[in-house]
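In: need a structure here:
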Amino acid sequence: MYTEDALLPLSALQHLAYCPRQCALIHLEQSWQENRFTAEGQILHQRANSGEAESRGDLHIARSLRLHSRQLGLSGIADVVEFHQSEEGARLAGRKGYWRPYPVEYKRGRRKRDDWDRIQLCAQALCLEEMFDTPVPEGALFYGKARRRERVPLDALLREQTTVLAARLHALWSAQKTPSPEPGPKCEHCSLVELCMPRQGSASDYLQRMLGLP
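Out: Residues are numbered from 1 along each chain as shown. Okay, here's the model as predicted:
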């Protein structure tokens, strides 16, 4: 069980799943660079994260909901969490009955073959389960390019992958060391491809050499 000051960014899980070096550059070395893909993603998230709650009958929609899990050692913000009225679930302040949390994460592009997006969604669900003390068996991913929602069953395998990755994130954070580069097809679409510099080690090392610093 992690303490509050040991909680790490939930969003870092997706970066770690995509590329450990990218994760370290962003979260350890504080390096970031915009490209078309990240800009499109930010616009989509801004639309989802309006912060305005909405209610329609047996559906309550919360936006920009803060999440945390002491078990995983993560904290972050969910784009959208739908609460569906149910016979079982969580109690919500000012609302009658029980409500089942249903996380919806917004992504640009189309569905990916890898599990990066599903792992991030699963981490949100695990946070919700801990916060509301109720099962969250399913969530959804909304892809901006396809303009459609994909249902994601949060099965045992995906939960295990997410838990293992969260432990790896804490190990990376504790080590405070940027992994060596592993060039591959993913590098083409990475927003940090210019900062990564595969033959230069860490971005901070490269900048020190360029500036003539010891």
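In: what's the single longest helix in the chain?
Out: Identified as the longest helix of the chain according to DSSP state H is helix 156-175.
In: can you give me how far that one is from the chain middle?
Out: Relative to its parent chain, helix 156-175 has a centroid offset of 12 Å by CA atoms, centre = their mean, to the nearest Å.
In: hmm, who's touching stretch 152-167?
Out: Stretch 152-167 is contacted from outside by 13, 16-17, 72-74, 115, 118-119, 121-123, 125-126, 136-141, using CB atoms under 8 Å, 6 or more residues apart in numbering. (C-beta placed from N, C-alpha, C; glycine too.)
In: among the helices and strands of the chain, which has the poorest mean pLDDT?
Out: Comparing every helix and strand of the chain by mean pLDDT, DSSP states H and E singles out helix 36-48 as the least confident one, with a mean of 46.
In: For Cys196, see how far away Cys187 is.
Out: According to CB to CB, to the nearest Å, Cys187 and Cys196 sit 7 Å apart.
In: Settle it for me: which of these two has more neighbours?
Out: Cys196 (22 against 16; other CB atoms under 10 Å).
In: From what I see, the more buried one and Ala24 are in contact.
Out: No - applying CB atoms under 8 Å as the test, Cys196 and Ala24 come out as separate, 10.3 Å apart.
In: Show me the strands paired with the strand ranked longest in the chain, marking each as parallel or antiparallel.
Out: Longest strand in the chain by number of residues (criterion: DSSP state E): strand 74-86. In the sheet, strand 74-86 lines up against strand 8-9 (parallel), strand 59-69 (antiparallel), strand 98-107 (antiparallel) (DSSP bridges).
In: List the buried residues in that strand.
Out: Buried residues in strand 74-86, counting neighbours by 16 or more other CB atoms under 10 Å, are found at Leu74, Ser75, Gly76, Ala78, Asp79, Val80, Val81, Glu82, Phe83, Gln85.
In: mind putting those residues in a markdown table, distance to Gly57 included?
Out: Formatted as a markdown table, the buried residues of strand 74-86 follow (distance: CB to CB, whole Å):
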| residue | distance to Gly57 |
| --- | --- |
| Leu74 | 32 |
| Ser75 | 31 |
| Gly76 | 29 |
| Ala78 | 22 |
| Asp79 | 22 |
| Val80 | 17 |
| Val81 | 17 |
| Glu82 | 12 |
| Phe83 | 12 |
| Gln85 | 8 |
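In: Least confident of the residues you listed?
Out: Least confident by pLDDT among the buried residues of strand 74-86: that is Asp79, with 93.
In: Correct me if wrong: that residue contacts Ser64.
Out: Yes - if you go by CB under 8 Å, Asp79 and Ser64 touch, sitting 7.5 Å apart.
In: Could you give the bridge partners of the nearest residue to Glu130 once chain neighbours are set aside?
Out: In space, and not counting its chain neighbours, Glu130 is closest to Ser69: 4.9 Å by CB to CB, 6 or more residues apart in numbering. On the basis of DSSP bridges, Ser69 is bridged to Leu74.
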